[in-house]
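Visitor: 3D model of this:
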Amino acid sequence: MRYRVRVVLFVAASSLVGVGCLDVAGNFEISGALDAVDASGKIDGTVEATTTDAGADALDASSPGDGTIPDAAADRSADAFLCSPNEYQCAGAELQVCNPNRDGWINKQLCGSEALCNTDGGACTPATCQPNDMQCDGAELQICNATLNGWTTTATCASAAHCNAEEGVCTAAPCTTGEVQCSGAMLQTCSGPDTGWTTTQTCATTALCTTSGDGGACETPACAANEYRCESAVLEACNTGRTGWSTVQTCTNAALCNATGATCVQPTCSPNEYSCNGAVLQICNANQNGWNTVQTCANAALCNASQAACNAAPCTPGEFQCNGAVLQECNATQTGWTNVQTCVSSGLCSATSGVCEAPVCTVGEFECSGSSLQFCNAQQTGWTPQSVCASAALCDATAGKCNPAVCESGQYECSGAVLEMCNAGLTGFTSLQTCANAALCNASQGQCNAAPCTPGEFQCNAAVLQECNTTQTGWTNVQTCATSALCDLAAQTCDAPVCTAGAFECAGAVLNECNTGETGFAPVQTCASGICDAVNGRCDVCNPGAWSCSGATLSHCASDGQSDPVAQVCASAAQCNAAAGACNPCVSGQLQCSGNVLQECDATQTGWTNLMDCGSTGTCDAVAGTCDPLPSDGGEGEGGDDDADE
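Guide: You can find the predicted model right below:
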């Protein structure tokens, strides 16, 4: 029985992401019973184009040709899909997204740890720190935890100044002023042995903190967290330290690298692959993300994708062609092609042998070749390198990822008192040496440190007298002295202060000040005046309130002893009387004439005594000390009376 019907043939290349179905519309004659259509949608019979459909109108090239799958072809129930578009899952630390076929997962990003894999945001949560990063939180020495999202305290140092994040140890001595360290992402400077570390700058990541140069610096991030870029066909992600880029995946070509979506778009087709969209002969475009029209044939039966041409005659008996992933055979009347089998992919369709070849691998399957992680290509004909792992042992084909290195080559760590080194596969640590105790295991130097002290040993840590603890892991505070100089290591005690810092004393003309260590006095100044003032801590010019004579100059010292201003200039040096604080009117033995009376300065030099009255006939001569002429009574009239009275 032969039926003349209008049918639509859907040729699905379901294994190629983005390749839609080719819907071919036209009038066809179907040899065989209509009930020969099997459950897979294949017609068990020969499909022939009749003479009524000989023109180009016989085929309806209604496929969008843009990589979308028409609704008519989407005849699968929701239960047939493994995942939903833009759905994310975490496979350990690997963030994965649902593939376009919704039948598996594609690796999007390798997070720092499983805890940092975030399916809600579709991106890795930025790591707080990197493996083996150290920081100081006050006196607490901390290491980055296993999930890279916080810190774990490893030791409590004697003080914040004894915490050294750069070396990852509690030091025996405190830091020195101006010393620089990176504490996690914080650039810190030592403010002094009593103060400890001060954060001067917080870097974007721990890897960007550097102590090189003058005072250290935060280096500029090379990229943003969770930022992607395409370097030609290589999809790269900003590394966790934001110091540069790490390869995520090598795409088929640059056009299929999608930095915005952080993924490699699966190719629609393969280079030089041909297909027929109705009567239109198409070739895979250079970017492998669509088709370019090569030629429009007279009808669909004359479109020969295997020969990449429009046939003069549709085909010859026994001839095969591959229309995408569909293996077709020329029908007996040479009027068209009969679907023989739908191959897993177009690359597995062999027109030469007339068979669908077995897939080499499954889409989404991975294998490891040494340290090279490879994924099954879209055609399932072989393997494509995706990334090179740090070691062969870290290549995980089951998870389809490079496992993060547990450690770095040459890296050391301490497990209690055991010093360990990273193994060759970077998958863990191998024991090297067992130290005396955990505190003496030094991973930074890759060695067991000598014990910092011995039992019963003392040290002076600034003003604090300390004794070695019983486990020889550090020092215990015994006593805090008034000053560091009073810490007596030999006597194992604090000495009593000799004086108070800033106090003064005088040793003759030398002014001494108590030193900062309060262990004694040190000369400050030798007083030129010889007047040392311990109360006020200075040399005075003169004694406060005292009078003095310098020649005829009478001076009165100021109350603060710092100046000796002139009070009066006497008639002569002999008349300057410092004891009285005044100038005397005369000097001993001095004579004067008061009228016609000859007088002499008294013994106290404070007044005059009458010696002789020259009378009315004589003249008083103070220079000669007499009357000229002498009075007849010898001048005793008035003068004699004065002397007698005295």
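
Visitor: for burial, what's the neighbour tally of P193?
Guide: P193 is flanked by 17 other residues according to other Cβ atoms under 10 Å. All C-beta spots, glycine's among them, are computed from the backbone N, C-alpha and C.

Visitor: kindly apply the preceding question to T619 instead.
Guide: Per other Cβ under 10 Å, the neighbour tally for T619 reads 12.

Visitor: contacts only, for C481.
Guide: Residues in contact with C481, defined by Cβ atoms under 8 Å, 6 or more residues apart in numbering, are A463, V464, L465, C487, C494, D495.

Visitor: now it. Nearest residue, chain neighbours left out?
Guide: Spatial nearest neighbour of C481, excluding adjacent residues (Cβ to Cβ, 6 or more residues apart in numbering): C494 at 3.7 Å.

Visitor: how close does that neighbour sit to S371?
Guide: With distances taken as Cβ to Cβ, to the nearest Å, C494 is found 63 Å from S371.

Visitor: looking at those two, which is more packed in?
Guide: Just comparing C494 and S371: by other Cβ under 10 Å the higher neighbour count belongs to C494, 19 against 16.

Visitor: so the more buried one sits against C487, correct?
Guide: Yes. Counting by Cβ atoms under 8 Å, C494 does reach C487; the two are 6.2 Å apart.

Visitor: can you work out which residues contact both of the two?
Guide: Both C494 and C487 are in contact with L465, C481, where contact means Cβ under 8 Å, 6+ apart.

Visitor: wait, isn't F429 in contact with E413?
Guide: Yes. Counting by Cβ under 8 Å, F429 touches E413, with 5.7 Å between them.

Visitor: find residues that contact each of these two.
Guide: Here F429 and E413 have C407, E420, C422 as joint contacts, going by Cβ under 8 Å, 6+ apart.

Visitor: just the residues you listed: which are in strands?
Guide: Among the shared contacts of F429 and E413, the members found in strands (DSSP state E) are E420, C422.

Visitor: let me have the shared contacts of F429 and E413 in a markdown table, extended by distance to A552.
Guide: Formatted as a markdown table, the shared contacts of F429 and E413 follow (distance: Cβ to Cβ, whole Å):
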| residue | distance to A552 |
| --- | --- |
| C407 | 96 |
| E420 | 96 |
| C422 | 97 |
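
Visitor: CSV for the contacts of C481, including pLDDT?
Guide: Shown next, in CSV, are the contacts of C481 (pLDDT from 0 to 100):
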residue, pLDDT
A463, 89
V464, 94
L465, 93
C487, 93
C494, 95
D495, 94
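
Visitor: those residues: which two are farthest apart?
Guide: Of all pairs drawn from the contacts of C481, the greatest distance, 14.2 Å, lies between V464 and D495 (Cβ to Cβ).

Visitor: of these two, who's got more company?
Guide: Neighbours were counted for V464 and for D495 using other Cβ under 10 Å; V464 has more, 19 against 16.

Visitor: list the residues that contact that one.
Guide: N477, V478, Q479, T480, C481, C487.

Visitor: just the buried residues of those.
Guide: Neighbour-count burial (16 or more other Cβ atoms under 10 Å) applied to the contacts of V464 gives C481, C487.

Visitor: looking at the contacts of V464, spot the one nearest L598.
Guide: Closest approach to L598 among the contacts of V464 (Cβ to Cβ): C481, at 81.8 Å.

Visitor: below-threshold pLDDT in the chain: ranges please.
Guide: Low-confidence segments of the chain (pLDDT under 70): 1-79, 333, 633-646.

Visitor: I figured G428 hits C407, correct?
Guide: Yes. Under the criterion of Cβ under 8 Å, G428 makes contact with C407 at 7.2 Å.

Visitor: who touches both of these two?
Guide: When Cβ under 8 Å, 6+ apart defines a contact, the residues bordering G428 and C407 alike are C422.

Visitor: between the two, which has more neighbouring residues?
Guide: More crowded of G428 and C407, by other Cβ under 10 Å: C407, with 19 against 12.

Visitor: what residues are up against the more buried one?
Guide: P131, N132, E413, C422, N423, L426, G428, F429.

Visitor: ok, now with 6 Å
Guide: Neighbour list for C407: C422, L426 [criterion: Cβ atoms under 6 Å, 6 or more residues apart in numbering].

Visitor: against R229, how distant is it?
Guide: Distance from C407 to R229, counting by Cβ to Cβ: 28 Å.

Visitor: pretty sure S306 is touching Q321, no?
Guide: Yes. Between S306 and Q321 there is a contact under Cβ atoms under 6 Å: 3.8 Å.

Visitor: direction included, what does the host helix or strand of S431 pair up with?
Guide: In this assignment (DSSP states H and E), S431 forms part of strand 429-434. Within its sheet, and counting by DSSP bridges, strand 429-434 is paired with strand 418-422 (antiparallel).

Visitor: return the distance of the strand it pairs with from the chain's centre.
Guide: 27 Å (Cα atoms, centre = their mean, to the nearest Å).

Visitor: what about the closest residue to N543 other than its chain neighbours, distance to A582?
Guide: Leaving aside its chain neighbours, N543 sits nearest to C557 (5.7 Å; criterion: Cβ to Cβ, 6+ apart). Applying Cβ to Cβ, the value for C557 to A582 is 15 Å.
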